[in-house]
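Undergrad: What follows is a predicted structure for the sequence shown.
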Amino acid sequence: MQRFFRTTLSIMLSAILCLQPMAYADQNLPDIGTTAAGTLTIDKELEYGDAYMRILRASSPIISDPVMDEYISNLGHQLVASANDVKTPFHFHLIRDRSVNAFAFFGGYVVANTGLFLHANNESELASVFAHEISHVTQRHLARHMEAQARNTPLTIAALVGSLLLAIASPEAGIAAINATTAGAMQASINYTRSNEQEADRFGIATLARAGFDPEGMPDFFGHLADQYRYASTPPPMLLSHPLPAARLTEARDRANNYPRVSLPISLSFHLAQARVIARYANIDSDRALDWFARHLKEANPIVKPTLEYGQALVFIDTNKLTQAETILTKLLTNDPYNSFYLDAVSDLYIKKKQYNKALTLLQKALQRKPNNSVLIINYANILIEAQRSKEAITLLQRYTHENPDNTVGWSLLADANGHIANEKEQLAAQAELFALRADWNKAIKNYTRASQIAKLGSLEQARYDARIDQLRFAQQRFAALK
């Protein structure tokens, strides 16, 4: 599903709590994450989280890639299952950005840059980043930070929300935001944030260990990251805003050593995701990408070699070298016929070759084994549209978007399918849902209003559109009230 992978919108909002080097957590940690209950309820945090995610979709290069979404969601929820004090659902997203960073915000949203895949050596190192960010959420660090700020300034919690998000995520924006307060409040803000980071370190490494990952992944990742950028003139955002002193790295290593070292098998999924990032999201040209894969193939562990060949196949698909891509993917699928990475790639290949029935047959077989798999459903619907079978795609996508209302790829495909059969009403409705997911309430309402005007007067269809307009207007009012 290559069409909807890449977005070109520039970033407006980068939210909070950048990841840091990690330390050991005692087995019986105090419940220190609930002190903000008097400031914000969980329900209000969920409202803020939903609002910020809509802003991010509109302003950031969020990757709409079903394969990468599946991988990071599986990884994230494996960690959440081992975390303490989980009070919200969790959602995991990727931003196309080569810099090393990740952040978490209200409502269980964790967002990571694709640059993490370029620096993590194994899945435990990548998981350490997510474990740290999950801990920021479970310990309600943003709400606690806001409570501390409110005690030191005359501003209300609502007025603090936007500036604090920027202050924590972006040093440059943070300076401007903090200058609006007193110097004392600025110092309190910095100290409180460091306290948050230390708590996230401790809780994060405990979560990592309980989830079955190597606890050494945390100090390993931040250790070689610190070494790499020790003399850099422009460190990554994470290190710019929160340096990694030697004492903290030493503490992280000491605490990790209190857990048994775990020797894990190589994660094929991690290396496939890494190869996908290099092939499609690292902002390097095809020749450089192919050279990278070829050099690493010469010395790679045999277990990892298929992932590098997969990366080559993606580059071949994207550069229309379809024969080379098919040779690789045929071999990979023979050895691993239900792998979502491979099935997604071969779907792109067969679309370019216009071999739609071949692709549908392959995906049908996989769907019998994994009937609710998003990667397979999205690819199947996309191929139906390409094969001029849009009515079948619409039936599939109506159910999918009902079950996954926040999935932008599903709504994009549904709009596309309805456009192919000239169903303007439903095309407008699907596009409206995309606008709403990006907090563009006026366009969403305008689209549904137009759909209602086109619909037969007094029909159930018109009533559905009108009811949705009312819902969107209410959502718009709630969104405005959060500002």
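TA: Perfect, I can see it now.

Undergrad: When you work out contacts or count neighbours from here on, use the C-alpha atoms and nothing else.
TA: Fine.

Undergrad: how much space between residue 61 and residue 69?
TA: Taking C-alpha to C-alpha, to the nearest Å as the measure, residue 61 and residue 69 are separated by 14 Å.

Undergrad: quick check: domain ranges of the protein?
TA: 35-256, 265-353 (automatic domain parsing).

Undergrad: mean confidence score for the shortest one?
TA: It refers to domain 265-353. For domain 265-353, the mean per-residue pLDDT is 96.

Undergrad: go on, the longest one?
TA: Taken as a whole, domain 35-256 carries a mean pLDDT of 76.

Undergrad: and the domains of the chain, which is most packed in?
TA: Greatest average neighbour count among the domains of the chain goes to domain 35-256 (a mean of 20), per mean count of other C-alpha atoms under 10 Å.

Undergrad: Do me a favour and get the end-to-end distance for stretch 103-123?
TA: End-to-end distance (C-alpha to C-alpha), stretch 103-123: 18 Å.

Undergrad: Please name the nearest non-neighbouring residue to residue 397.
TA: residue 414 (6.0 Å; C-alpha to C-alpha, 6 or more residues apart in numbering).

Undergrad: quick one: that neighbour and residue 360, what's the gap?
TA: For residue 414, the distance to residue 360 - C-alpha to C-alpha - is 18 Å.

Undergrad: Please apply the same query to residue 416.
TA: 19 Å.

Undergrad: Surely residue 407 touches residue 401?
TA: Yes - using C-alpha atoms under 8 Å, residue 407 makes contact with residue 401 at a distance of 7.0 Å.

Undergrad: which residue ranges form the strands in the stretch 201-350 of the chain?
TA: In the stretch 201-350 of the chain, no strands are found when defined by DSSP state E, counting those that start in this stretch.

Undergrad: which residues in it form helices?
TA: 217-228, 237-241, 246-256, 268-280, 286-299, 305-318, 322-335, 340-352 (DSSP state H, counting those that start in this stretch).

Undergrad: After the last one, which helix or strand is next? Please name it.
TA: Using DSSP states H and E, the helix or strand that follows helix 340-352 towards the C-terminus is helix 356-369.

Undergrad: Quick check: next helix or strand after that following helix?
TA: Sequence order places helix 374-386 as the next helix or strand after helix 356-369, per DSSP H and E.

Undergrad: can you list contacts of that following helix?
TA: 1, 66-67, 70, 340, 343-344, 347, 351, 356, 359-360, 363, 366-367, 390, 392-394, 396-397, 409-410, 413, 416-417, 420 (C-alpha atoms under 8 Å, 6 or more residues apart in numbering).

Undergrad: Export stretch 432-443 to CSV, keeping only CA atoms.
TA: Extracted C-alpha coordinates of stretch 432-443, given in CSV (Å, rounded to 0.1, in the frame of the first residue of the first chain):
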residue,chain,number,x,y,z
ALA,A,432,-15.2,14.7,5.5
GLU,A,433,-14.0,12.0,7.9
LEU,A,434,-10.4,12.7,6.8
PHE,A,435,-10.9,16.4,7.4
ALA,A,436,-12.3,15.7,10.9
LEU,A,437,-9.3,13.5,11.7
ARG,A,438,-7.1,16.5,10.9
ALA,A,439,-9.3,18.9,13.0
ASP,A,440,-10.5,20.7,9.8
TRP,A,441,-14.0,20.9,11.2
ASN,A,442,-15.3,23.5,8.7
LYS,A,443,-14.4,21.4,5.7
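
Undergrad: Show me which residues of that stretch are buried.
TA: Residues 432, 433, 434, 435, 436, 437, 438, 439, 440, 441, 443 are the ones in stretch 432-443 that count as buried (16 or more other C-alpha atoms under 10 Å).

Undergrad: Output those residues in TSV; the columns should cover secondary structure, distance to residue 301 and pLDDT.
TA: Compiled in TSV, the buried residues of stretch 432-443 are given as follows (DSSP: H, G, I helix; E, B strand; the rest coil; distance: C-alpha to C-alpha, whole Å; pLDDT from 0 to 100):
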residue	secondary structure	distance to residue 301	pLDDT
432	helix	48	98
433	helix	45	98
434	helix	43	97
435	helix	46	97
436	helix	46	97
437	helix	43	96
438	coil	43	94
439	coil	46	92
440	coil	48	94
441	helix	51	96
443	helix	52	97
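
Undergrad: Residue 98: which of the helices of the stretch 201-350 of the chain is closest?
TA: helix 268-280 (9.7 Å; C-alpha to C-alpha).

Undergrad: got the angle for that closest one vs helix 340-352?
TA: 40 degrees (axes from the mean of the first three to the mean of the last three C-alpha atoms, to 10 degrees).

Undergrad: by contact count, what packs against helix 268-280?
TA: Helix 268-280 sits against helix 66-80, helix 115-119, helix 286-299, helix 305-318, with contacts defined as 3 or more C-alpha pairs under 8 Å, 6 or more residues apart in numbering; DSSP states H and E.

Undergrad: Tabulate those helices (a markdown table), appending distance to residue 261.
TA: Output for the helices and strands packed on helix 268-280, formatted as a markdown table (distance: least, C-alpha to C-alpha, whole Å):
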| stretch | distance to residue 261 |
| --- | --- |
| helix 66-80 | 18 |
| helix 115-119 | 21 |
| helix 286-299 | 26 |
| helix 305-318 | 26 |
